[in-house]
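sequence and predicted model, in that order:
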Amino acid sequence: MKSKIYILEKASRAMDYGIGTYVKQLTDCLLSSKMDFCVVHLYADCLETTIIEKGGYQQISIPTPYSNIAACLQYYSRNAAYLLKTLITEDGDTRIIFHLNFLPDNNLVKYLKHLFKCHIVLTVHYTNWSFSLLGDFGLLKRIMDKKRSKLIQLEKQIVDEIKEYKMMMKRCDLIICVAQHTLKALQELNCIGTSKACVINNGIADCYLNRGKEKTLRQKYHIEDDEQVIIFAGRLDEIKGVPFLIRAFERVLVDYPKSRLIIAGDGDFNECLRGTKKSWSRITFTGRIDKKQLYELYTIANVGVVCSIHEEFGLVAVEMMMHALPLVVTDTSGLGELVVNNVSGLKSPIKRIKRRRSPDVKVLSEQIMKLLDSKTFARQLGENARKRFLENYVLEVFREKMVAQYKTLLGV
C-alpha cells in the first residue's frame, strides 16, 4: 500500500520565522525517510495556481484571494479543497495524509474530509488567543466562564474562535502539539481528547559552530575581545519582551560598562529606540539576518536571552542551546519546558504589573550578570544546554517521532 503526505502551509509572517523552519525541517525528514510528499502553499503571492518540482517533491501554490472579508476566506477554504481534488490523483492503493501547519477555519478540514478518503494531521504552532492575551491562560479561562452579554468585542472574538477550533479539531485524526503546555491548554478547553493528541517538540539540524573561531568572528564583526556580548534574536513584538530586556541591560551596564546587547530581528525599531536613550552606543540592532550570520553571532556571544512573555515552543532558545550558549529564559509556556533551571540555563520569572504579565527586569538583569560573573558556571550551563539539545531537540529525534506517527495513521 502506497502513501502520500500533503504538507499544507499558509503564507504569513510566521512562515518567515518558526513555522517556516518547521516546514523546512519536516520536508528534510520526509526526504531522508524516502516518504512520498508534496507541499501545498496556500494564500501564495502568485496570480494563478502553479506546480513546480523542488528537488525530490512537488510544490503546489494556490494564490491568495482578492478580498480579506470573512465570507471570501470561507469560500477560499472550500475552493482550495475542490482545486486540490482536481490536482490530486486518487487510487485505491494510495493512502493520503493532509498535514496542516496553521489553524484553518473549519471549512477547509470539512471539505478535505468530504472530498478525499484521507487522514488529517494538524500541528498547533500557535493559538491566536495566546497573542491577544499575551499567553495569559488564567485570563482566557475567566473569559470563557463569562456570560456572552458581559464580553467585550475582543473577548467575543476569542470565544467564537475557540468554538471554531473545537469543531475543526474534532474532524482531525491527529493533533500534534509542539509543547506540553499547548496540549494541556487544549484539553482544558475541551478542544481535544487524549486519544488523538500528542506532543512532538520541534527539532533542528545540528549546525554547531566551534568556539575556536570566536576570535576571528569578533574581528569580522568589530567586537572587541573584552566586550561581553548579550544576544537576543526574534521579532521586535510586544510578546517578545524586548523593552524589558533593554531596561535589564541598562542595569547590567552599571557593573559591566563594556557589555554589548545585540538585537537580531525586525519590527518596530522606533519603539525600542525610545527606551534606549542612555545606552544607544552599547546596543546593536541588526535587523533580520540570515541563519549563517545569526549562528556566527551566537558563537561570539557570552549570554543568550529569550525573554518572551509567551512562547509556544521556543525555537530560538533551542538554537542557542545547540551552540552551547549560556542562556537566560523567562519561565513561561514553552520556554519553561526547554530549560532545566540552574542546569541547562537560568529561568527568570514572569510577574504581573497592572494585571499584565511581564518579565521581571530586576531578576533578568541579575541572572545575566550571574553568567557574566562566573565563566566557569556559564560554561557548564552551556555544555549542559548542548547536551540537552542533542538528547531532545536534534532533527533526528523529531524525524523518528514524526515518521512513527505517520506510520501509525497509515497502519504500516
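Nice, thanks for sending it over.

so what pLDDT did the residue of the chain positioned farthest from its centre get?
Relative to the C-alpha centroid of the chain, counting by CA atoms, centre = their mean, residue 92 is the outermost residue, at 36.8 Å. Here, the pLDDT recorded for residue 92 equals 76.

that one and residue 119, how far apart?
16 Å (CB to CB, to the nearest Å). For every residue, glycine as well, the C-beta is placed using N, CA and C.

confirm that the residue farthest from the centre of the chain sits in a strand.
No. Going by DSSP: H, G, I helix; E, B strand; the rest coil, the assignment for residue 92 is coil, not a strand.

can you list the weak-confidence ranges in the stretch 1-150 of the chain?
13-17 (pLDDT under 70).

please enumerate the helices of it.
18-32, 70-87, 106-115, 128-132, 137-145 (DSSP state H, counting those that start in this stretch).

looking at those helices, which is closest to residue 256?
Residue 256 lies closest to helix 18-32 among the helices of the stretch 1-150 of the chain, at 30.9 Å (CB to CB).

so which elements touch that closest one?
strand 2-10, strand 37-44, helix 315-322, helix 395-410 (3 or more CB pairs under 8 Å, 6 or more residues apart in numbering; DSSP states H and E).

what angle sits between it and helix 395-410?
70 degrees (axes from the mean of the first three to the mean of the last three CA atoms, to 10 degrees).

going by neighbour count, which residues in helix 18-32 are buried?
Within helix 18-32, the residues that qualify as buried are 18-19, 21-23, 25-30, counting by 16 or more other CB atoms under 10 Å.

return the member of those residues nearest to residue 317.
Distances from residue 317 to the buried residues of helix 18-32, taken by CB to CB, are shortest for residue 18, at 11.2 Å.

you'd agree the closest one is up against residue 313?
Yes. Residue 18 lies in contact with residue 313 (CB atoms under 8 Å); the separation is 7.0 Å.

between those two, what contacts are shared?
125, 202 (CB atoms under 8 Å, 6 or more residues apart in numbering).

where do the helices sit along the stretch 251-400 of the chain?
So, for the stretch 251-400 of the chain - with DSSP H, counting those that start in this stretch - the helices run 269-274, 291-300, 315-322, 333-338, 361-373, 375-392, 395-410.

deepest of those helices, which one?
helix 315-322 (a mean of 26; mean count of other CB atoms under 10 Å).

so that helix versus helix 291-300, what angle?
Using the same axes, to 10 degrees: helix 315-322 against helix 291-300 is 50 degrees.

next up, the contacts around residue 169.
122, 175, 186, 191-192 are the contacts of residue 169 under CB under 8 Å, 6+ apart.

make a markdown table from those and add secondary structure to it.
Formatted as a markdown table, those follow (three-state DSSP):
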| residue | secondary structure |
| --- | --- |
| 122 | strand |
| 175 | strand |
| 186 | helix |
| 191 | coil |
| 192 | coil |
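
any idea which of those residues is closest to residue 289?
Looking across the contacts of residue 169 and measuring by CB to CB, the closest to residue 289 is residue 122, at 31.4 Å.

what's the burial count for the closest one?
When neighbours are defined as other CB atoms under 10 Å, residue 122 has 26 of them.

identify the bridge partners of it.
residue 100, residue 175 (DSSP bridges).

wait, doesn't it sit right on residue 175?
Yes. The pair residue 122 / residue 175 is scored as a contact, 5.4 Å apart, by CB under 8 Å.

still on that earlier bit, can I get the contacts of residue 169 in JSON lines with distance to residue 113?
Shown next, in JSON lines, are the contacts of residue 169 (distance: CB to CB, whole Å):
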{"residue": "122", "distance to residue 113": "12"}
{"residue": "175", "distance to residue 113": "15"}
{"residue": "186", "distance to residue 113": "20"}
{"residue": "191", "distance to residue 113": "17"}
{"residue": "192", "distance to residue 113": "17"}
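
most neighbours of all those, which one?
That'd be residue 122 among the contacts of residue 169, by other CB under 10 Å, with 26 neighbours.

so what's it up against?
So residue 122 contacts 99-100, 103, 109, 168-169, 172, 174-176 (CB under 8 Å, 6+ apart).

if you set the cut-off to 7 Å instead, what comes out?
100, 169, 172, 175-176 (CB atoms under 7 Å, 6 or more residues apart in numbering).

would TSV of the helices of the stretch 1-150 of the chain with distance to residue 320 be doable?
Formatted as TSV, the helices of the stretch 1-150 of the chain follow (distance: least, CB to CB, whole Å):
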stretch	distance to residue 320
helix 18-32	14
helix 70-87	37
helix 106-115	35
helix 128-132	22
helix 137-145	26
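
quick one, which of those gets closest to residue 64.
helix 70-87 (8.1 Å).

and residue 196, how many residues sit next to it?
So residue 196, with other CB under 10 Å, has 14 neighbours.

next: residue 142.
Residue 142, neighbours per other CB under 10 Å, totals 11.

distance of it relative to residue 355?
11 Å.

can you lay out the helices of the stretch 251-400 of the chain as a markdown table showing distance to residue 237 and mean pLDDT?
As requested, the helices of the stretch 251-400 of the chain are exported to a markdown table (distance: least, CB to CB, whole Å; pLDDT from 0 to 100):
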| stretch | distance to residue 237 | mean pLDDT |
| --- | --- | --- |
| helix 269-274 | 10 | 82 |
| helix 291-300 | 18 | 97 |
| helix 315-322 | 13 | 98 |
| helix 333-338 | 15 | 97 |
| helix 361-373 | 18 | 98 |
| helix 375-392 | 25 | 98 |
| helix 395-410 | 26 | 96 |
